[in-house]
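>>> the following comprises the amino acid sequence and a computationally predicted model.
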Number of protein chains: 2
Amino acid sequence: MTTPLTNPADPWTPATAEKATGAKLTLRPVLIDTYYENVAYLHKDCDIYRAEGFQALSKVEVHAEGHRILATLNVVEDTAIVSCGQLGLSKEAFAHLGLPQGHVVSVRQAEPPASMGALHRKLDGERLGLDDLRGIVRDIANHRFSKMELAAFVVATNRDEMDREEVYFLTQAMVEVGQQLDWHETLVVDKHCIGGIPGNRTSMLVVPIVAAHGLLFPKTSSRAITSPAGTADTMEVLAQVELPMDKLQDIVRTHRGCLAWGGTASLSPADDVLISVERPLALDSPGQMVASILSKKIAAGSTHLVLDIPIGPTAKVRSMPEAQKLRRLFEYVAHRMNLALEVVITDGRQPIGQGIGPVLEARDVMRVLENDPLGPVDLRQKALRLAGRLIECDPDIRGGDGFAIARDILDSGRALAKMRDIIHAQGPTAFDHQHPHLGHLSFEVCANAAGVVVGLDNFQLSRIARLAGAPKVQNAGVDLVCKLGAEVIVGTVLYRVYASFAADLEFAKQACAQHNGYTIGAATDLPHVFVEF
Amino acid sequence: MTTPLTNPADPWTPATAEKATGAKLTLRPVLIDTYYENVAYLHKDCDIYRAEGFQALSKVEVHAEGHRILATLNVVEDTAIVSCGQLGLSKEAFAHLGLPQGHVVSVRQAEPPASMGALHRKLDGERLGLDDLRGIVRDIANHRFSKMELAAFVVATNRDEMDREEVYFLTQAMVEVGQQLDWHETLVVDKHCIGGIPGNRTSMLVVPIVAAHGLLFPKTSSRAITSPAGTADTMEVLAQVELPMDKLQDIVRTHRGCLAWGGTASLSPADDVLISVERPLALDSPGQMVASILSKKIAAGSTHLVLDIPIGPTAKVRSMPEAQKLRRLFEYVAHRMNLALEVVITDGRQPIGQGIGPVLEARDVMRVLENDPLGPVDLRQKALRLAGRLIECDPDIRGGDGFAIARDILDSGRALAKMRDIIHAQGPTAFDHQHPHLGHLSFEVCANAAGVVVGLDNFQLSRIARLAGAPKVQNAGVDLVCKLGAEVIVGTVLYRVYASFAADLEFAKQACAQHNGYTIGAATDLPHVFVEF
């Protein structure tokens, strides 16, 4: 199994083998989304299946004219999917191979990816070097690992299985395997939050404030994976976010900032594959988080990063020692990668702002930019503090002055003007933020006891917003009325849920009936969080 | 995500939810073999897909009338596979659900299996208790773990991640989750080899010898998974091996032994699922091996087991300290499970016997039983020693007398007579072992240097036999001519390869050209193995 397949001095190179056996099949797409795993479908009566001694779940190599991919084999007994003589490929696998339907391809049992040796050393508890991790990351980015092998890697590098040096190597390898942007400036700023707090749309305020100050802030964001809205989803309510790279670069050069979706550039492609395994396994280890976030930022060309780590009982990080440990790992790797990093530890006890879901969050953001008295104060305050930290990256600004500068930019309307420029440049939508159309179906969730709101469950409120349809249904979500510390009586409205489809509304109602996400208690029960920010 | 779905006091029990949303689909089998993972196929335009907020690779629960399974979701865009309004299930998943095509089923996002908490504690490096492992094993046996979750479990319990107490708990849990046989006798013997040595068909000699002595020996074996022949494959050349449980019990009662395939009884069903992940990951950790082997033996009702651990440079175990460590773990767990265990450490430097492949191995076995001078001496010797150890389980036999008794049974023809009885009872085939029809295509592999045979690569010779078609093609395989220590000159035939299909022959030829599995050197290069047997 370990003999190289393409040794030119070897009489049994693939070309000869194909000639000898005629193991050729015609290519056929199988429109099944197997979510980042290449799957090949072969009919069970196919000669090649018997001859090669394939077994279900064998890995096979599919190749023709220099194109080649590895795929996991599924055996099929239905000619409506594939017939004898055909090779089916799942949606993504077909795209990766990049050959047209009907093309003749060869298939054979795949050599294990070259980095299997390194993976097994890690499984045996050994430290890996930079070249080991380069090999693994290259194979992962090229979809040569099966889901099981990915899970094995993720578990073997979980917890404290990687030391900080290995996390640095992993980060470096993840940067190298993808595209890297170069903005040709000495100061390129970015901000990032480790996630878990609904409504936390500070980027859409921080970018216009900091760009208005003049720092280069080419912000690319993800769409929601498990949350009811990512920055890209919310920005998409106001403007186009899927921009070709050259247009994005034009906008950044002209306006000093953008708010785009990051998926169009192939920055840190291994990260996307790893996330496809970490998420279903609910694994989010410090080492993997650090490598994932920093590799994307460095690949995007950032030189200065402010990183937001929220703490709270239902946040990703639940205690200050845990936050400090994570901070130190971020700082170590950032230092090795020559990225100037400032970590801020913030209050993650409850959602930020009022709305949860793309339209509701876009409304909150625009209210803050317009200095509307209805704009959520916590969102404004957090954005100003983050923007202040970034502005202090400017060597012309005295430490400590950042907040006031950010506040002046926001209060004077310069941030709003900058946001309008960015929206116009990216391509505005018809959205009217002063009269947002929320989902036409809604219900209210009310307090069933008198007292003080002492808990909002970030996780459950996210889940309710998602069940209501967010982010796919832009105007669905949750609009919070009461937040921590609010005094309520029986019947006080805690929040409203909006949906556009009856089924979504029902699912959200069921979830609210099980647990509405609020805890009512005495003022003394309010959780305290000592944050430095 | 963690709220129970079926709380009768909860107004949002599934029945209500279904009524409210009409989330009903008609069942359709999708003839794809996904190898032990339940996969559900849903069309991307299906209402339920959008409404439930499903994402690819979500786990879903499919249920109707008390039948329910969990499955991984694949999203499909081809109505030839599933249409809107249909729910497709992969081959095994369809069988597990046990409802007919066209039946109306409901589908919803699945609660995570109850044992996910225990899995995550193990991922965090904690020790697990018996109840934790019971929960995990139950969920695994019921196909509630995805491939990725299985891989996570297998990696998290790899190496020394489980202490011996946990290995015992795992073994116990694996026994409890399946069927358990009770032979109503105080002495039920069995033998097992940890594998990796081609041609090692001692069971087909040990069973007739020991059963002829009178001990109860209900031997059930597996088919080959990665090897060119399992005992079940080789026995199948001579007799039926797929026997219903009641017939098998009749045979054992009448003849004191059998040589059947073990797959018909659902003994240790979790083991089959775990193996489906361990094999592609090439993970075979001591803890998992011990739990796998001992759970199957105990479930099969064995009271006394002789376990064969071969050592050699290309065996599974490569050094004596490693063998001793493995032996101690086997002994600890067997003791806790009240199984009398004797471990023998044997010579695993090369294949046992002459033939590799079902027909060739059946020929070797029959030659030994018939005391034919062509019968391989190493196979005879090893079988006699193992049979001797088992015979000494008989309280009427003095320690040390077993070997001689076994030899007398074999030499006198009583073992052959017993084998004929067993073959006749199970259902004989038309196979003529004196004139076995080997594959009509063949080639010889010859020495390309003069010297002494100092190495036979178990792995490569297995691979060549598999490529030649074994075990699917019964009369394909490798017939060894020279073994360790043989003196050869250039052109001496080392072995012959037999195949029935031209493509198979070519594949085997390619493998031989890359590495023929033999090392020729000086007599002083012969590897020494200090075995106790």
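Good, I have the coordinates. Numbers count the residues shown, from 1 in each chain, chains lettered A, B, ... in the order given.

>>> by neighbour count, which bits of stretch A:267-277 are buried? Give me those.
Buried residues in stretch A:267-277, counted by 16 or more other CB atoms under 10 Å in any protein chain shown: A:Leu267, A:Ser268, A:Pro269, A:Ala270, A:Asp271, A:Asp272, A:Val273, A:Leu274, A:Ile275, A:Ser276, A:Val277. Backbone N, C-alpha and C define where each C-beta goes, glycine included.

>>> columns distance to chain B and pLDDT on top of the residues you listed, output as TSV?
Below are those laid out as TSV (distance: CB to the nearest CB, whole Å; pLDDT from 0 to 100):
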residue	distance to chain B	pLDDT
A:Leu267	22	81
A:Ser268	21	82
A:Pro269	18	87
A:Ala270	17	91
A:Asp271	17	89
A:Asp272	13	84
A:Val273	13	88
A:Leu274	12	91
A:Ile275	11	86
A:Ser276	7	83
A:Val277	6	88
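
>>> in a markdown table: the residues you listed, plus distance to A:Lys472.
Formatted as a markdown table, the buried residues of stretch A:267-277 follow (distance: CB to CB, whole Å):
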| residue | distance to A:Lys472 |
| --- | --- |
| A:Leu267 | 24 |
| A:Ser268 | 25 |
| A:Pro269 | 25 |
| A:Ala270 | 27 |
| A:Asp271 | 23 |
| A:Asp272 | 19 |
| A:Val273 | 23 |
| A:Leu274 | 24 |
| A:Ile275 | 19 |
| A:Ser276 | 19 |
| A:Val277 | 23 |
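
>>> just these: which are in helices?
Members of the buried residues of stretch A:267-277 lying in helices (criterion: DSSP state H): A:Pro269, A:Ala270, A:Asp271, A:Asp272, A:Val273, A:Leu274, A:Ile275, A:Ser276, A:Val277.

>>> of all those residues, which comes closest to B:Asp284?
Closest approach between these and B:Asp284, by CB to CB: A:Val277, at 22.4 Å.

>>> contact partners for that closest one?
Residues in contact with A:Val277 (CB atoms under 8 Å, 6 or more residues apart in numbering or on different chains) are A:Lys147, A:Leu150, A:Ala151, A:Val154, A:Leu283, B:Met148.

>>> where in the stretch 1-150 of chain A is pLDDT low?
Residue ranges of the stretch 1-150 of chain A with pLDDT under 70: A:1-23, A:50-57.

>>> what about the strands in the stretch 301-450 of chain A?
Assigned by DSSP state E, counting those that start in this stretch, the stretch 301-450 of chain A shows strands spanning A:304-311, A:340-347, A:355-356, A:441-446.

>>> what's the most buried one of these?
Mean neighbours per residue, mean count of other CB atoms under 10 Å in any protein chain shown, is largest over these for strand A:355-356, with a mean of 32.

>>> and that strand with chain B, contact?
No. Counting by CB under 8 Å from any CB of the partner chain, no contacts exist between strand A:355-356 and chain B, the nearest distance being 14.1 Å.

>>> elements contacting that strand?
Taking 3 or more CB pairs under 8 Å, 6 or more residues apart in numbering or on different chains; DSSP states H and E as contact, the helices and strands that strand A:355-356 lies on are helix A:358-369, helix A:458-467, strand A:477-480.

>>> which residues sit against the last one?
Pointing back at strand A:477-480 there. Outside strand A:477-480, the residues touching it (CB under 8 Å, 6+ apart) are A:198-199, A:228-229, A:351, A:353-361, A:438-439, A:456, A:461, A:464-465, A:468-470, A:494-498.

>>> those residues, buried ones only, as a ChimeraX selection?
Burial among these is assessed by 16+ other CB under 10 Å; the matching ChimeraX selection reads:
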select /A:198,199,228,229,351,353,354,355,356,357,358,359,360,361,438,439,456,461,464,465,468,469,470,494,495,496,497,498
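
>>> the stretch 251-400 of chain A against chain B: which residues are in contact?
Going by CB under 8 Å from any CB, the residues of the stretch 251-400 of chain A near chain B are A:Ser276, A:Val277, A:Pro280, A:Leu281, A:Ala282, A:Leu283.

>>> quick one: residues contacting A:Phe145.
The neighbours of A:Phe145, taking CB under 8 Å, 6+ apart as the test, are A:Pro113, A:Asp139, A:Phe153, A:Val273.

>>> same check on A:Ile275?
Contacts of A:Ile275 by CB under 8 Å, 6+ apart are A:Ile225, A:Ser292.

>>> what of A:Ala511?
A:Gln460, A:Arg463, A:Ile464, A:Leu467, B:Thr3.

>>> same thing with A:Leu130?
A:Leu130 neighbours (CB under 8 Å, 6+ apart): A:Phe169, A:Gln172, A:Ala173.

>>> same check, this time on A:Val290
Counted by CB under 8 Å, 6+ apart, A:Val290 has contacts A:Val167, A:Thr171, A:Leu326, A:Leu329, A:Phe330, A:Val333.

>>> still on that earlier bit, list just the nearest of the buried residues of stretch A:267-277 to B:Ile81.
Nearest to B:Ile81 among the buried residues of stretch A:267-277: A:Ser276, at 21.8 Å, using CB to CB.

>>> Three-state assignment for the closest residue to the closest one other than its chain neighbours, please.
Excluding the flanking residues, the one nearest A:Ser276 by CB to CB, 6 or more residues apart in numbering or on different chains is A:Tyr36, at 4.0 Å. The three-state label given to A:Tyr36 by DSSP: H, G, I helix; E, B strand; the rest coil is coil.

>>> the longest strand anywhere in chain A: partners in the sheet, and parallel or antiparallel?
For chain A, the strand that runs over the most residues, judged by DSSP state E, is strand A:67-76. Taking DSSP bridges as the criterion, strand A:67-76 forms sheet pairs with strand A:39-43 (parallel), strand A:59-64 (antiparallel), strand B:32-33 (antiparallel).

>>> export these as a markdown table, with columns for distance to B:Ala95.
As requested, those are exported to a markdown table (distance: least, CB to CB, whole Å):
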| stretch | distance to B:Ala95 |
| --- | --- |
| strand A:39-43 | 19 |
| strand A:59-64 | 25 |
| strand B:32-33 | 11 |
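
>>> buried deepest among those strands, which one?
Buried most deeply of the strands paired with strand A:67-76, by mean count of other CB under 10 Å, is strand A:39-43, with a mean of 25.

>>> contacts for that one next, please.
A:25, A:30, A:32, A:48-49, A:54, A:60, A:62, A:71-77, A:79, A:81-90, A:93, A:107, B:32.

>>> just the CA atoms of it, as CSV, please.
Output of strand A:39-43 as CSV, limited to C-alpha atoms (Å, rounded to 0.1, in the frame of the first residue of the first chain):
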residue,chain,number,x,y,z
VAL,A,39,-17.5,10.5,-2.4
ALA,A,40,-17.2,8.3,-5.5
TYR,A,41,-20.1,6.0,-6.4
LEU,A,42,-19.4,2.7,-8.2
HIS,A,43,-22.0,0.1,-9.2
